[in-house]
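1. Mind folding the following:
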Amino acid sequence: MNFPGTVVLETERLVIRPFCEADAHDMFYNWANSSHVTRFLTWPVYKSVADSEETLNAWVKDYENPKNFNWCIEWKENHQAIGSIGVVHMNEEVEEAEIGYCIGEAYWKKGIMTEALKAVMGFLFNEAGFNRVCAKHDTNNPNSGRVMKAAGMLYEGTMRQAGKNNMGICDYALYAITKDLYFNHSL
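-> Okay, the predicted model is just below:
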């Protein structure tokens, strides 16, 4: 495996890039202040832009670690930070990266997260050399599973009462794709 860190990726509609402190306002107003966006996540709703600033200060420092993969999703149309996507867990022994993501509600159901997930998966397989990319979602949030499936991941099963988020203890549906499947299906 190779660890190039969080590099800039670009798609037709998105710039997928490292976060910077200037993203605090967009982060707060586009997704972090929304109880609807964060209800299936593990971190609480932010109360102020200062909460975003505090998080971003830590994230920017974390970019010094080349094993850190944490991207801002920027919408080219308005140059706003509209969400995040990154590796939330890594198992180097089996060369696996687990992806987590969120996006502002105004950008839901437009294929944006699928576009970002495909770009990140391509990077993780092609540049970082991972063998497996997976993601999981609360079974009460099937739209997240639709994103995973649309990006080419396959459903592997449901982990009963295996996690906890802002809604409480939950079941997780697990999706994944391996490098060989990714390259054989030319996503």
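
2. need the helices for the protein, in chain order.
-> Along the chain, counting by DSSP state H, helices occupy 24-27, 35-38, 49-62, 112-126, 142-150, 179-184.

3. Format the CA atom coordinates belonging to the third one as PDB.
-> By that I understand helix 49-62. What follows is helix 49-62, C-alpha atoms only, in PDB (Å, rounded to 0.1, in the frame of the first residue of the first chain):
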ATOM      1  CA  VAL A  49     -19.400  28.200  13.400                       C
ATOM      2  CA  ALA A  50     -16.900  28.000  16.200                       C
ATOM      3  CA  ASP A  51     -17.600  24.300  16.500                       C
ATOM      4  CA  SER A  52     -16.800  23.900  12.800                       C
ATOM      5  CA  GLU A  53     -13.600  26.000  13.300                       C
ATOM      6  CA  GLU A  54     -12.500  23.700  16.200                       C
ATOM      7  CA  THR A  55     -13.000  20.600  14.100                       C
ATOM      8  CA  LEU A  56     -11.300  22.000  11.000                       C
ATOM      9  CA  ASN A  57      -8.300  23.100  13.100                       C
ATOM     10  CA  ALA A  58      -7.800  19.500  14.200                       C
ATOM     11  CA  TRP A  59      -8.400  18.100  10.700                       C
ATOM     12  CA  VAL A  60      -6.000  20.500   9.100                       C
ATOM     13  CA  LYS A  61      -3.300  19.400  11.600                       C
ATOM     14  CA  ASP A  62      -4.100  15.800  10.800                       C
END
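
4. Report all helices and strands that it contacts.
-> Judged by 3 or more C-beta pairs under 8 Å, 6 or more residues apart in numbering; DSSP states H and E, helix 49-62 is in contact with helix 24-27. All C-beta spots, glycine's among them, are computed from the backbone N, C-alpha and C.

5. circling back: for the helices of the chain, please prepare JSON lines with the additional fields mean pLDDT, distance to Glu96 and mean neighbour count.
-> What follows is these, written out as JSON lines (pLDDT from 0 to 100; distance: least, C-beta to C-beta, whole Å; neighbours: other C-beta atoms under 10 Å):
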{"stretch": "helix 24-27", "mean pLDDT": "98", "distance to Glu96": "28", "mean neighbour count": "21"}
{"stretch": "helix 35-38", "mean pLDDT": "93", "distance to Glu96": "26", "mean neighbour count": "14"}
{"stretch": "helix 49-62", "mean pLDDT": "97", "distance to Glu96": "20", "mean neighbour count": "16"}
{"stretch": "helix 112-126", "mean pLDDT": "98", "distance to Glu96": "10", "mean neighbour count": "21"}
{"stretch": "helix 142-150", "mean pLDDT": "97", "distance to Glu96": "15", "mean neighbour count": "17"}
{"stretch": "helix 179-184", "mean pLDDT": "92", "distance to Glu96": "11", "mean neighbour count": "14"}
